[in-house]
Every structure is written in structure tokens, then in C-alpha cells.
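heads up, no residue letters with this:
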């Protein structure tokens, strides 16, 4: 039995969206399962003292171009959102709640949220939008709505983000397998070699 | 006649070293030439308001691990230098002076400087070391020494760095081909698709 791949992502991260589209197929090829962990990149950014990518002079403009080109490179649809980045607390909390109940529903929800934001330009910061997407993914709307209005799920997300930070996660996507950290969708070729050949 | 590839690099950048080892073969495969441009990443870092990579909490530690793993992934030798990063003005100026006279000598010098620093752990901030490496690369020591002690080459490097910044260069390695910018050795697969298929 191989260790699963821990996959950390922020719902406002284009590279996280790309990773969410491909990680299950990659993992499956090597008999690995994937544990999905939504994080809040804003918290990591504070920890590392960095600015939001798109706000950095030169790097920000380059990044917007790179998001779209990387999507074409990976043959994934992409429309850069008008509002970017965006608050992802509701999305992350809904994922966590759903994942405790049915990981398959939760993964479908994660991919639907990403596509709603990065393909259809929908406002995934909005609680009503998250509930609508959750319903479409087969999740019970009223129970989720009640949970998202409670305090427990907020504490849960906070603890999950702190745990990720304590493991050295500072970006999205971020993968950990057998203790080895891989940051960025552009590290998937290295992750794949790790899965295929072991430590290299 | 295809446009050449502009290749920007800092002699203190591990990813720049990796790129310097592979870019000529990649370009040659598609009938392209490469124009080598040493830059000073410290200047770009000031422009974008960022900190030096290795000084950033979490990201810095990850990066040191990623340098070594990326080298193994690319099957290149790598020993993380004890002093890192390091001042690269002498190296960049020597390259510019040599490149005006003989680009082949200059490229050999660039690769020798990179290997001296990232494989052999030598102090490439030292002027004497640069002169020694230049001599080995077939460059006339006394003429280079005289040039490096003059003011013209300092102004020249300053102007080259400003020009690079004006073109949007903020990292190392950085490539521009037909106006399209590619940042990072991990963008070489995208650059290769561009060379093979044109704009995508």
C-alpha cells in the first residue's frame, strides 16, 4: 500500500485549478490516492511576508499571461476572471464539510467550483453560488447551508490551514508525498518521476 | 530566418545555471540561435519589491531542496554553495566584455562560471577567480582585467540590466522569443512547444 498524495489548493489559484483537473489521473496511474486539502493562500502569504502574485509589478502582468498560456499548454479551458483573486472561505468550508461525508461528491464540487470561477466567470465568493454548485454536485443543500452558518466549520478551516502551514505549505498547488514537498503545477513532472521511480 | 531566443540569467541563480546547460541544445534543435544576457537579479528584486528567494520563510527552505532535486531531475551536477546568493557583477561584466569579442568564448566562460559556483563551490564573486576562469576559456586576461577596472563596463552592465527590466525581465532564467516571455527553467517545455509549433 503506497502513501496517498496530499494535495493542497486555494480555490482562487489558477495553477490549483489546473492541478485539480489532472492530479487524480496522474495519481491513479501509479496506484495512489489523493487527499484534497483546501487552504487559504492569503494566510500563507502573510506567513511568508509576500504580496499577492497579481499585485507584484512585472511579475503580476507576466503571471496573467502565464495562466492563460499554461492552460493552453495543458489543453484546459481558461478565462481569466474579472475579479481576481477572490475570497474562497465559503468554497473551502463547503469542500471540507462535503469531504467528511463523501470524498467523491467533494471532489466533484471542487472541480465544479474551479470551473465556475476560471471558465464561466461566476462569483464563487458568494455563499449562494457555493450552495448552488454543491446541490448540483449531489450535496444536501439545507444541511450544508446550516453547517456553513455555524462556527464549527470556520474553526475547522482555520485549523486545517494552520496544519498545512506547519507542514511547510506556502503556495497552491502544493503536494506532499512521503514527506517530499512539490510546489506548483510545473512540478508535476518531478512528482511523476517520484511516483514512477521512488526517491531520486 | 527565425528570431533568436533572448536568454536572461543571473550567475547566482541555480535555475539560470540549469538553463545555461540546456538552452543551446534546445534552440539548436529548432534552428534558433541564443542571445545570452547576464542580469543582476538584485536590481529586478528591488523593482518588483520582492525579497531574495532564499530569505523568504518556508519558501526559502523549500527552494534549497528544489534546487538540488531539479538538478537531479535534469541529470545535472549540483552542490548548493555555502555562500548563497553571491555578488555577480564581475562575472556579468566579464561575460559582456567577452561576448562583444567572441560569443563562443563568452558562452564557455558563462558555463564555466556557473559550474565553478554550483558544482565546485568556488567564490565567483572574486575578481581574481573570474580572471582565472576567463583565461581557461581562452580569453585574454590582461585586456579583460584592464576592462573590468574601467568605468565603461560598469555603465554597460547597468544599461543592459535597465534594458532587460524595460522588457519585463524580473527573474532568472527568463526567455523572450518573438515577444513572448517565459520565466523559469520549468517553462522550457512551453518554450519548446512554441519553437516547435509557433504561437499556441
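Done, it's in. As the structure is a prediction and not an experimental result, all values here were calculated from the model.

near chain B, which residues of chain A?
A:44, A:47-51, A:56-59, A:61-62, A:65-66, A:69-70, A:72-73, A:165, A:168, A:170-171, A:181, A:183-184, A:186-187, A:189-190, A:193, A:200 (C-beta under 8 Å from any C-beta of the partner chain). The way it works is simple: take the backbone N, C-alpha and C, and place the C-beta from them, glycine included.

can you give me the helices for chain A?
For chain A, helices defined by DSSP state H occupy the ranges A:14-29, A:41-48, A:59-73, A:89-101, A:103-118, A:127-136, A:141-149, A:152-166, A:188-197.

hang on, the earlier thing: which PyMOL command selects the buried ones in the residues of chain A next to chain B?
Entered in PyMOL, the line below selects the buried ones among the residues of chain A next to chain B, by 16 or more other C-beta atoms under 10 Å in any protein chain shown:
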select buried, chain A and resi 44+47+48+50+56+58+59+62+66+69+70+73+165+168+170+171+181+183+184+186+187+190
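
The helices of chain A: lowest mean pLDDT?
Lowest mean pLDDT within the helices of chain A: helix A:41-48, at a mean of 76.

still on that earlier bit, put together TSV for the helices of chain A, with distance to residue B:100 on each row.
Output for those, formatted as TSV (distance: least, C-beta to C-beta, whole Å):
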stretch	distance to residue B:100
helix A:14-29	40
helix A:41-48	41
helix A:59-73	29
helix A:89-101	55
helix A:103-118	47
helix A:127-136	59
helix A:141-149	65
helix A:152-166	49
helix A:188-197	38
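
Out of those, which is closest to residue B:13?
Shortest distance between residue B:13 and the helices of chain A, using C-beta to C-beta, is found for helix A:59-73: 15.3 Å.

So which elements touch that closest one?
Contacting helix A:59-73 under the criterion 3 or more C-beta pairs under 8 Å, 6 or more residues apart in numbering or on different chains; DSSP states H and E are the following elements: helix A:14-29, strand B:180-183, helix B:188-197.

please redo it, this time with the cut-off set to 10 Å
helix A:14-29, helix B:41-48, strand B:180-183, helix B:188-197 (3 or more C-beta pairs under 10 Å, 6 or more residues apart in numbering or on different chains; DSSP states H and E).

what's the angle between it and helix B:41-48?
Angle, helix A:59-73 to helix B:41-48, by axes from the mean of the first three to the mean of the last three C-alpha atoms, to 10 degrees: 100 degrees.

Please state the offset of helix A:59-73 from the chain centre?
Distance of helix A:59-73 from the chain centroid (C-alpha atoms, centre = their mean, to the nearest Å) equals 18 Å.

What are the buried residues along stretch A:120-134?
Across stretch A:120-134, burial judged by 16+ other C-beta under 10 Å covers A:122, A:124-125, A:129-131, A:133-134.

Grab the two from those residues that are most spread out in space.
Farthest pair in these, by C-beta to C-beta: A:125 and A:134, 14.8 Å.

right, and the helices of chain A - which one's nearest residue B:158?
Ranking those by proximity to residue B:158 (C-beta to C-beta) places helix A:59-73 first, at 21.9 Å.

what about the closest residue to residue A:15 other than its chain neighbours, how many neighbours?
Nearest non-adjacent residue to residue A:15, counting by C-beta to C-beta, 6 or more residues apart in numbering or on different chains: residue A:185, 4.5 Å away. Using other C-beta atoms under 10 Å in any protein chain shown, residue A:185 is surrounded by 25 other residues.

how much space between residue A:185 and residue B:192?
17 Å (C-beta to C-beta, to the nearest Å).

Ok, residue A:13 next?
25 Å.

and what of residue A:112?
Applying C-beta to C-beta to residue A:112 and residue B:192 gives a distance of 33 Å.

same deal with residue A:95?
Residue A:95 is 36 Å from residue B:192, by C-beta to C-beta.

what about the two, which has more around it?
Neighbour totals were compared for residue A:95 and residue B:192, and residue A:95 leads with 26 against 15 (other C-beta under 10 Å).

Which residues are in contact with that one?
A:9, A:11, A:36-38, A:88, A:105-107, A:109-110, A:113, A:130, A:134, A:139, A:157 (C-beta atoms under 10 Å, 6 or more residues apart in numbering or on different chains).

Spatially, which residue comes closest to it, not counting chain neighbours?
Using C-beta to C-beta, 6+ apart, the nearest residue to residue A:95 is residue A:38, at 4.9 Å.

same check, this time on residue A:74
residue A:18 (5.5 Å).
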